[in-house]
Every structure is written in structure tokens, then in C-alpha cells.
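Participant: got a predicted structure here, sequence first:
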Amino acid sequence: MYSIARSALFKLDAERAHRIVLHGLSKHPSLAGLVAPRIRVSDRLDQVIRGLPFAHPVGLAAGLDKDAIAVEGLFKCGFAAIEVGTVTPVAQPGNQQPRLFRLKEDEALINRMGFNNLGAKACAEQLALLRNKNGIVGVNIGRNKTTPNEDAALDYSRALRDVISYADYVAINISSPNTPGLRDLQSVQFIEDLLQELQPILDPTAVPVFIKISPDLADESILEIGTRLAASRYAERLGIIATNTTIARPPLNSPNAHEQGGLSGRPLASRSTEVIRLLRQSTRGELPIIGCGGVFDADDAYAKIRAGASLIQIYTAFIYRGPQVIKDIVEGLDLRLRQDGISHIRDAIGIDA
């Protein structure tokens, strides 16, 4: 069924198709049931991460549902977790269109959206309306485009204050390539200072915080971030999302390969897995890692888990393959664990690191 829908949607501009699907799921969440296969979820895949129960490891990455308008429909597709956002404290239109491009020959996307969103308060209002929350909801927060980096902590604080009552966890986006200067915030010093700034908002809650990093960081910087965060006084509530999109351009075959922005999908797979491995080594397994980047099947997901990821997020694969990819990954992971004689997924995490 999804292959028919995809054929029609791929004839449209990428962002227009995205908007049609999202608003369709928003107005009619049950539509997901027409295309989403039933998933057999084994109890060897469930985990409790930072106090949160995940029925299986596969979640949706931020960026697809920025304003949390289609969470119920997306859960019906089979995800165990949905990460909404990135949201900023003040609504902003994002970058000029066109800003989302398919690279079909490479099973990839390039986006330069620029945190287009209705603002953190609007996101919170949508989450407050949820009736059927069938999993974990994370909220990804960022700074506004016009906010200078020296004032970035204030933006993160304002956004966090708006959404924290409705977030199972919060992701701090300091790694998007589409907001000028944002990736300059990926220093250990800024992260530690920011966590201290956010502490008065976080303290009354048990909400975990995940730091989302770029695949384009040098290995030495990744190791330093992992080492310092694992030793931080905030470590018990921290995790890392590895990784965001890349501005690197490996060999690509699509005519859209020249477009500027963050590249996601197949070409990112090996680098994101390597970043996970570096983080696993530097944190000694003390911080949970969400693996994101180029996961299209169970082998991709299993590689990231064996490298050190506790959970997996997908985005581009969902665009290309629809809800079937969730079933394929979830059931395929169970099969690979059984084939390897591993009784539970937690025992596979990091065994190649």
C-alpha cells in the first residue's frame, strides 16, 4: 500500500509531500492503520532507559513532526518513541524554499529547513491535547536563528520551560548545520554551562536530557564530549544522540547532490556508527546513546546497537519505505539476537566497541 502512496507523493515537491502526509495523519490518525503492518514485538527488545520504558528500540528522529501535530498517527505506524521538534522559543519560518531535496539514487535527503516551527508554546499545546500516547515522546529544542550564540542558553531555557511538562525526555540540538553558528556550540564547556543554566528547570523533574551531536566533529572532540559528560555531575540524567545530518559529501549519484544543507540517509550510516563506537568507548557505557543516521534495515540497526547504541532513530528510511521499515527492523533485530544466542538486546549493546 505504501509503495502506491509513495509513487504519488514522490511526484510532488518533497516539502509539499511531507506537509500533505503530516496533516493527513494529524486530521485522521487512523489512516496509518491502512499502511502500517502489525509488528510482533518480542520481550527481548524492551528496555528501560533513564527510567523510561521503550517497548522496542526503534523511534522517529526529530524533524519530521516539528510542531507535534501528528504524534498519535505516527505512533500508529509502530514507533516506540517519537521525537518532535526542533522547536525554538519564538516561532520562525525557517529558510527560503525550496529547502528539502530527495536523492533517490542514494536513498538520502538533503535539508536546509532552518528550524521552521510554530514555537515551543505551540508544541506544548499540541502535546497537551494527546489522547492516545502509545509510547515515549521526546521534544527537541534549539535556539532561534536571530539569537547570537552568547545568548543561546537563554533560548534553550525558554524553550525547555515551555515544553518540559509534556516531554518524556528533552533533546538539545546544538548540531544542525542549517542555523548559522549553531554547531559552534558543540564544546564541552558550552554543554556544561548550559546544563548548569537549565538545572533550575530540570531539578523538580525526572526528565532526561539527550545532547544531539554532529557526525562532522573530529574524533578527538567526540571522545572529549563523551568522557566529560560521563564524568559530569549531571551524568545520571544525560544521554547522547549520534548523530545529526552531515555537511560532508561522500560520492553521490543524485542530481540533487550539489544542494546545500544537511545530508541524511544511507551515505551517513558508517560515520554515525563510528561516532557511536567512539562515544561508547569514551563513556564506558555509562551514558545511553540513541543511534541515528542511515538506518534502513535490521542489519544497520544491529550494527549501531553492537557499536554502543541502546536505541535507534530513523527518518529518511521512513520517507522511502514507510511503516514497513519499522516492522522489518524490529522483527529483524529479534531474529539476529536469536541467531547470535543473545537473550536480550541489552546484552548486545556495545559488544563490538
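Facilitator: Nice, thanks for sending it over. Given the structure is predicted, the values throughout are model-derived calculations rather than measurements.
Participant: next secondary structure after the helix or strand encompassing residue 152?
Facilitator: Using DSSP states H and E, residue 152 sits in helix 152-163. Per DSSP H and E, the first helix or strand lying C-terminal to helix 152-163 is strand 169-173.
Participant: mind giving me the packing neighbours of that following strand?
Facilitator: Secondary-structure packing of strand 169-173 (3 or more CB pairs under 8 Å, 6 or more residues apart in numbering; DSSP states H and E): strand 81-87, strand 136-141, helix 152-163, strand 209-213. (C-beta placed from N, C-alpha, C; glycine too.)
Participant: strand partners (parallel or antiparallel) of that strand?
Facilitator: strand 136-141 (parallel), strand 209-213 (parallel) (DSSP bridges).
Participant: kindly format the C-alpha coordinates of the helix or strand that that strand is followed by as PDB.
Facilitator: Where DSSP H and E defines the elements, the next helix or strand beyond strand 169-173 is helix 188-202. Extracted in PDB, the C-alpha atoms of helix 188-202 (Å, rounded to 0.1, in the frame of the first residue of the first chain):
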ATOM      1  CA  VAL A 188      32.200  20.600  26.300                       C
ATOM      2  CA  GLN A 189      32.400  24.000  28.100                       C
ATOM      3  CA  PHE A 190      29.200  25.200  26.500                       C
ATOM      4  CA  ILE A 191      27.400  22.000  27.200                       C
ATOM      5  CA  GLU A 192      28.400  22.000  30.800                       C
ATOM      6  CA  ASP A 193      27.500  25.700  31.200                       C
ATOM      7  CA  LEU A 194      24.100  25.100  29.500                       C
ATOM      8  CA  LEU A 195      23.300  22.200  31.800                       C
ATOM      9  CA  GLN A 196      24.000  24.400  34.800                       C
ATOM     10  CA  GLU A 197      21.800  27.100  33.300                       C
ATOM     11  CA  LEU A 198      19.000  24.600  32.800                       C
ATOM     12  CA  GLN A 199      19.300  22.900  36.100                       C
ATOM     13  CA  PRO A 200      16.700  25.000  38.000                       C
ATOM     14  CA  ILE A 201      14.100  24.000  35.400                       C
ATOM     15  CA  LEU A 202      15.200  20.300  35.300                       C
END
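Participant: mind listing what residue 247 touches?
Facilitator: 177, 216, 261, 262, 263 (CB atoms under 8 Å, 6 or more residues apart in numbering).
Participant: just the buried ones from those residues?
Facilitator: 177, 216, 261, 262, 263 (16 or more other CB atoms under 10 Å).
Participant: could you report the distance from the fourth one to residue 247?
Facilitator: Remark: distance between residue 262 and residue 247 (CB to CB, to the nearest Å) = 7 Å.
Participant: next one: the first one
Facilitator: Taking CB to CB as the criterion, residue 177 is separated from residue 247 by 5 Å.
Participant: can you check residue 283 too?
Facilitator: 25 Å.
Participant: picking up where we left off before, what about the contacts of residue 247, which are in strands?
Facilitator: When DSSP state E is applied, the contacts of residue 247 are split such that 262, 263 fall in strands.
Participant: show me what contacts the spatially most central residue of the chain?
Facilitator: In the chain, the residue lying closest to the centroid (CA atoms, centre = their mean) is residue 61, at 2.7 Å. Counting by CB under 8 Å, 6+ apart, residue 61 makes contact with 83, 292, 313, 314, 315.
Participant: count of neighbours near residue 331?
Facilitator: 18 (other CB atoms under 10 Å).
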